[in-house]
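Participant: Fold the following and give me the result.
(one chain, ligands or ions: 2)
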Amino acid sequence: MREVWRKCSSCKKDIYCGSTYQVCSISTCRAKATNYVFCSVACWDLHVPIERHRGDDVAAIEKRAPQHPEVEREAKRVIVTESSPIEDEILVVVSKVKKYISEKSGMNTSADVMNALTSRVQRICDRAIEEARRSGRKTVMDRDIP
Ligand SMILES: [Zn+2]
Ligand SMILES: [Zn+2]
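Facilitator: Ligands and ions are numbered 1, 2, ... in the order given. So this is what the prediction gives:
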């Protein structure tokens, strides 16, 4: 079953994931506000007089729709809202911690748990770094873990 990616800006027909579609070579037609996509060159042709395009650089460009509907954009949006300075970066594999807790107990895991685990891991690493430094090493080893 193929999922619908977007609709053609001219005929409103579905453009399926993984299928080819056309975009306009004119940058304003690809800007976020307009973001025209066309199911065929014929549909692209229809918008040319509407947008009053002229000149040699007016062309249809063939592209391929992603395999999944807009999931990538969703994912990116989540990452952006969660993005923070490096020092606040989550140091544990969120999905694996959640899976471990859920498989072991059937419980859910709140997002704050990752922050708490991260600060614990950071503290352990900081102490291990200190320990390795005291021993004159440039490698942190398992024996440095308090
Ligand atoms: Zn169309
Ligand atoms: Zn255009």
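Participant: Tell me the gap between the helix ranked longest in the chain and the middle of its chain.
Facilitator: In the chain, assigned by DSSP state H, the helix with the most residues is helix 112-134. On the basis of CA atoms, centre = their mean, to the nearest Å, helix 112-134 sits 28 Å off its chain's mean C-alpha point.
Participant: Give the rounded mean pLDDT of that helix.
Facilitator: Per-region confidence: helix 112-134 scores 91 on mean pLDDT.
Participant: counting contacts, what elements does it pack onto?
Facilitator: On a contact count with 3 or more CB pairs under 8 Å, 6 or more residues apart in numbering; DSSP states H and E, helix 112-134 meets helix 94-105. C-beta: built from backbone N, CA, C; applies to glycine.
Participant: Just want the angle from the helix it packs on to helix 112-134.
Facilitator: 110 degrees (axes from the mean of the first three to the mean of the last three CA atoms, to 10 degrees).
Participant: phi, psi of F38?
Facilitator: Here is the backbone geometry of F38 (degrees, to the nearest 10): phi -130, psi 140.
Participant: quick revisit: report the buried residues of the longest helix of the chain.
Facilitator: 114, 117-118, 128, 131-132 (16 or more other CB atoms under 10 Å).
Participant: With distance to ligand 2 added, can I get the residues you listed in CSV?
Facilitator: Shown next, in CSV, are these (distance: CB to the ion, whole Å):
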residue, distance to ligand 2
M114, 45
L117, 50
T118, 47
A128, 58
E131, 63
A132, 60
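Participant: Out of these, which are close to ligand 1?
Facilitator: Among the buried residues of helix 112-134, no residue is within reach of ligand 1 (CB under 5 Å from the ion).
Participant: which one among the residues you listed gets closest to ligand 1?
Facilitator: M114 (44.5 Å; CB to the ion).
Participant: Tell me which residues touch that closest one, please.
Facilitator: If you count contacts by CB atoms under 8 Å, 6 or more residues apart in numbering, M114 has them with 90, 92, 94, 97.
Participant: Any of these buried? List them.
Facilitator: For those, a burial check counting by 16+ other CB under 10 Å picks out V92.
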